[in-house]
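Visitor: Okay, here's the prediction I keep looking at, along with the sequence it came from:
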Number of protein chains: 2
Amino acid sequence: MVNKEEYRTRIILTASKIFSHYGFRKTTMEEISRALKKGKSSIYYYFASKEEIFEAVVLYEANQLRTQLTTAIKEVDSPQEKLRIYIYVRMKAFAKLSNYYNAVFDKNLDHYEFIEKIRSRYDREELAILRLLVYVGNTRGIFRVEASEYTAMAIQTMLKGMEVPLFWRKRDIDINDRLEAILNLIFNGINKR
Amino acid sequence: MVNKEEYRTRIILTASKIFSHYGFRKTTMEEISRALKKGKSSIYYYFASKEEIFEAVVLYEANQLRTQLTTAIKEVDSPQEKLRIYIYVRMKAFAKLSNYYNAVFDKNLDHYEFIEKIRSRYDREELAILRLLVYVGNTRGIFRVEASEYTAMAIQTMLKGMEVPLFWRKRDIDINDRLEAILNLIFNGINKR
DNA sequence: CGACTTTCCGACCCGTTTGTTCTACATAAT
DNA sequence: ATTATGTAGAACAAACGGGTCGGAAAGTCG
């Protein structure tokens, strides 16, 4: 078409939907190409392999989540609300992306290092955001924490801890309950009394 | 185990979950047996083939939906509410079962005749229910229709029409809106003024 | 119109998957 | 002891699926 890069993102967008539903393994090149109304081999003009598409999708999804989170916390003002909305959006996003994880843990752990690479980079960003959130809340006199750095890390650890059971349970109802509980715990441990 | 039939239903229950998520094609015997913590070949002691399991699952699911619907309409009294809840439950069920349809339309239409057989039987039952609903509402002076038989058929046609786009759109939000619209249409065309 | 590049695809390759069979091995029932 | 009831490992043909390749369209430019 007009632009090669443009079509690449179109492939990413399409593949993303299929991957998120079926996981990496069960998604076939045939399906992706069929969804794009193109021949299977045409895809190889834009991506060298299925894995490359997958990596692009994960990268895209990670960036998507990043902007999603940053814009979400901008829409509220109070640090509590920021933190609440941050965790909420993050949880929802991870619940949706659980299939990517199933894909990774499917059989071969080849992608594992790739995911981890993205992950570690993203973790640092997340930590920075959380640190800022805690710090601002602190200076505003809403939170009261000694070391915002380590507090942020503790929160992040908590969030990470929430991911794992998320990918194994299929409950949709108790997600909100759990979120409330988590937030309650965080705030009651963090709020100025 | 104790009872052979008992284990068959256990297989059906387990396979049902996987089928509904991945469809017929993408679900493997390996997966089913793994979920049951049994050897792959052991399943063949209970079912002759993968297709036989699939058929059993579809049959089971159809019966499930039937009782689900009949019990649901028993819980409310007014004909309007009965109709509303009937359509609502039916929609939700079909949305959930969309993967079975994807499985059917996947490639080979071998199951098609089987599904159609269940379907036609079920259609007749549904028509009877709808007819009764319309009829009761009519005698109670809430509805006002000339021929309840043909009105029921019209409603059923409408419901069938709702199925198709349901399987191609992924929206979750506008489902309720659409339901409201449909109900509104039905009631305003059917309600006594 | 050519020449040349970009985009696309059918046909094929070949290692892997998968549905199914078969046989052997337990364990319980008669 | 022998039959009935389950179970699973090994083996296999058929299908699948990722990837390659040569060349056909289709667009671009002079």
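Guide: On my side now, so go ahead. Quick caveat, the model's predicted, so the values are computed rather than measured. Numbers count the residues shown, from 1 in each chain, chains lettered A, B, ... in the order given.
Visitor: Get me the contact residues on chain A for DNA strand D.
Guide: Within chain A, the positions near DNA strand D by CB under 7 Å from any atom of the strand are A:T27, A:T28, A:M29, A:E30, A:K40, A:S41, A:Y44, A:A48, A:S49, A:K50, A:E51. Bear in mind the C-beta positions are built from the backbone N, C-alpha and C, glycine included.
Visitor: Please identify the helix or strand for the fourth one.
Guide: Here A:E30 sits within helix A:29-35, counting by DSSP states H and E.
Visitor: contacting residues around stretch A:62-69?
Guide: Residues outside stretch A:62-69 that contact it (CB atoms under 8 Å, 6 or more residues apart in numbering or on different chains) are A:Y86, A:V89, A:R90, A:A93, A:I118, A:Y122, A:E125, A:I129.
Visitor: In CSV, list the C-alpha atoms belonging to stretch A:16-33.
Guide: Backbone C-alpha positions of stretch A:16-33 (Å, rounded to 0.1, in the frame of the first residue of the first chain) are rendered in CSV as follows:
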residue,chain,number,x,y,z
SER,A,16,-3.2,-8.7,18.5
LYS,A,17,-6.9,-9.6,18.6
ILE,A,18,-6.3,-13.2,17.6
PHE,A,19,-3.3,-13.7,19.9
SER,A,20,-5.2,-12.3,22.9
HIS,A,21,-8.0,-14.8,22.3
TYR,A,22,-6.2,-18.0,21.4
GLY,A,23,-2.7,-17.4,22.6
PHE,A,24,0.5,-17.7,20.6
ARG,A,25,0.5,-21.3,19.9
LYS,A,26,-3.0,-21.7,18.8
THR,A,27,-2.9,-18.7,16.5
THR,A,28,-1.9,-19.6,13.0
MET,A,29,-0.4,-17.5,10.2
GLU,A,30,-3.2,-18.7,8.1
GLU,A,31,-5.7,-17.1,10.4
ILE,A,32,-3.9,-13.8,10.6
SER,A,33,-3.6,-13.6,6.9
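Visitor: in that stretch, what's buried?
Guide: Residues of stretch A:16-33 classed as buried under the neighbour-count rule (16 or more other CB atoms under 10 Å in any protein chain shown) are A:16, A:18-20, A:22-24, A:26-27, A:29, A:31-33.
Visitor: now the residues you listed in JSON lines, with pLDDT?
Guide: Below are the buried residues of stretch A:16-33 laid out as JSON lines (pLDDT from 0 to 100):
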{"residue": "A:S16", "pLDDT": "92"}
{"residue": "A:I18", "pLDDT": "90"}
{"residue": "A:F19", "pLDDT": "89"}
{"residue": "A:S20", "pLDDT": "85"}
{"residue": "A:Y22", "pLDDT": "88"}
{"residue": "A:G23", "pLDDT": "85"}
{"residue": "A:F24", "pLDDT": "87"}
{"residue": "A:K26", "pLDDT": "90"}
{"residue": "A:T27", "pLDDT": "92"}
{"residue": "A:M29", "pLDDT": "95"}
{"residue": "A:E31", "pLDDT": "94"}
{"residue": "A:I32", "pLDDT": "95"}
{"residue": "A:S33", "pLDDT": "95"}
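Visitor: Any buried residues in the top helix by length along chain A, and which?
Guide: The residue-count maximum for a helix in chain A (DSSP state H) belongs to helix A:112-139. Of all the residues in helix A:112-139, those buried under the rule 16+ other CB under 10 Å are A:I115, A:E126, A:I129, A:L130, A:R131, A:L133, A:V134, A:Y135, A:G137, A:N138.
Visitor: Give me the mean pLDDT for that helix.
Guide: What helix A:112-139 shows for mean pLDDT is 83.
Visitor: immediately after that helix, which helix or strand?
Guide: Toward the C-terminus, helix A:112-139 is succeeded by helix A:148-166 as the next helix or strand (DSSP H and E).
Visitor: For chain A, which residues are neighbours of DNA strand C?
Guide: Within chain A, the positions near DNA strand C by CB under 7 Å from any atom of the strand are A:1, A:4, A:7, A:33, A:37-42, A:44-46, A:107.
Visitor: ok so, going back, for the residues of chain A next to DNA strand D, which one is nearest B:E55?
Guide: The shortest approach to B:E55 among the residues of chain A next to DNA strand D belongs to A:T28, at 25.1 Å (CB to CB).
Visitor: quick one: that closest one from chain B, how far?
Guide: According to CB to the nearest CB, to the nearest Å, A:T28 and chain B sit 9 Å apart.
Visitor: So what does that residue look like in phi/psi?
Guide: Per-residue torsions, A:T28: phi -110, psi 150 (degrees, to the nearest 10).
Visitor: Over to the one 10 residues further on?
Guide: The phi and psi torsions at A:K38 (degrees, to the nearest 10) take the values phi -130, psi 170.
Visitor: Can you report how many residues neighbour it?
Guide: 16 (other CB atoms under 10 Å in any protein chain shown).
Visitor: Looking at the residue nearest to A:E163 when sequence neighbours are not counted now. What's its pLDDT?
Guide: Leaving aside its chain neighbours, A:E163 sits nearest to A:F94 (5.6 Å; criterion: CB to CB, 6 or more residues apart in numbering or on different chains). pLDDT for A:F94: 77.
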